[in-house]
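Undergrad: Fold the following for me, if possible:
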Amino acid sequence: MDRIFESFLQHQYEEGTDLARSSDQLELIPLDGPPPQHYVAEFRCTGLVQAPGGEIVEADRFAVGIWMPDDYLSEADPFKIVTFLGPAEAFHPQIRAPWICLGRLRPGMSLQEILFQAWEVITWRKVTMREDDALNAEACAWARHNSHRFPTDTRPLKRRTLDFTIESLGAAT
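TA: As a prediction, the model looks like this:
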């Protein structure tokens, strides 16, 4: 592994783990390294699945695999880089396990960007409602009639921090 790519991977690991530490919805699990090239991102957020009877219901656990291969800084095949791990019944126009379409994935895209985009898809913040561009045309048609249900989770991926100072008003008289 060349030093530039190794440094890139280390930086991605640090930023990814910082995001996971500041999120109530994300657990990021490195699978190799150091520095890691493979991750599993577990999202504890509300998304949709199709129940065995066909009903569309909420679920709260989703997993995505992320791989940054040796040529990642010069080439990025989205269907090699990001894999939807489950649940297999996930219901979204841009998900058909094991595939998830995040949109344009460019070479060297940061791990944080990938994580945010996956979360946006899972929580229905990012939806392309075109059957000709959908992995799941049925979910695409359903989405047009149920947009009032989006996003499925309104919480931010990253916890907001408050920065405030408490000042004394002096002694009460």
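Undergrad: what bits of the chain have low per-residue confidence?
TA: Filtered on pLDDT under 70, the chain yields the residue ranges 161-164, 170-173.
Undergrad: Spatially central residue in it, please.
TA: Ala118 (2.5 Å; Cα atoms, centre = their mean).
Undergrad: Quick check: phi and psi at the residue lying closest to that residue once chain neighbours are set aside.
TA: Among residues not flanking Ala118 along the chain, Val64 sits closest, at 4.8 Å (Cβ to Cβ, 6 or more residues apart in numbering). C-beta here means a position set from N, CA and C on the backbone, and glycine is covered the same way. Main-chain torsions, Val64, degrees, to the nearest 10: phi -130, psi 140.
Undergrad: neighbours around Val64, how many?
TA: Neighbour count for Val64, taken as other Cβ atoms under 10 Å: 24.
Undergrad: just Arg61 next, same as before
TA: 13.
Undergrad: Can you list the buried residues in the helix or strand that the residue nearest to the centre of the chain is a member of?
TA: Of the helices and strands defined by DSSP states H and E, Ala118 is found in helix 111-122. Within helix 111-122, the residues scored as buried using 16 or more other Cβ atoms under 10 Å are Leu111, Gln112, Ile114, Leu115, Phe116, Gln117, Ala118, Trp119, Glu120, Val121, Ile122.
Undergrad: related to what we said a few turns ago, surely the residue nearest to the centre of the chain and Val82 touch.
TA: Yes. Using Cβ atoms under 8 Å, Ala118 makes contact with Val82 at a distance of 6.9 Å.
Undergrad: hey, where'd the helices end up in this protein?
TA: Counting by DSSP state H, the segments of the chain that form helices are 3-21, 78-81, 111-122, 137-145.
Undergrad: so what sits against both of Ala118 and Val82?
TA: Val64, Ile100, Leu102 (Cβ atoms under 8 Å, 6 or more residues apart in numbering).
Undergrad: picking that back up, output the buried residues of helix 111-122 as JSON lines; include the columns distance to Leu169.
TA: Formatted as JSON lines, those follow (distance: Cβ to Cβ, whole Å):
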{"residue": "Leu111", "distance to Leu169": "46"}
{"residue": "Gln112", "distance to Leu169": "41"}
{"residue": "Ile114", "distance to Leu169": "48"}
{"residue": "Leu115", "distance to Leu169": "43"}
{"residue": "Phe116", "distance to Leu169": "41"}
{"residue": "Gln117", "distance to Leu169": "47"}
{"residue": "Ala118", "distance to Leu169": "47"}
{"residue": "Trp119", "distance to Leu169": "42"}
{"residue": "Glu120", "distance to Leu169": "44"}
{"residue": "Val121", "distance to Leu169": "49"}
{"residue": "Ile122", "distance to Leu169": "46"}
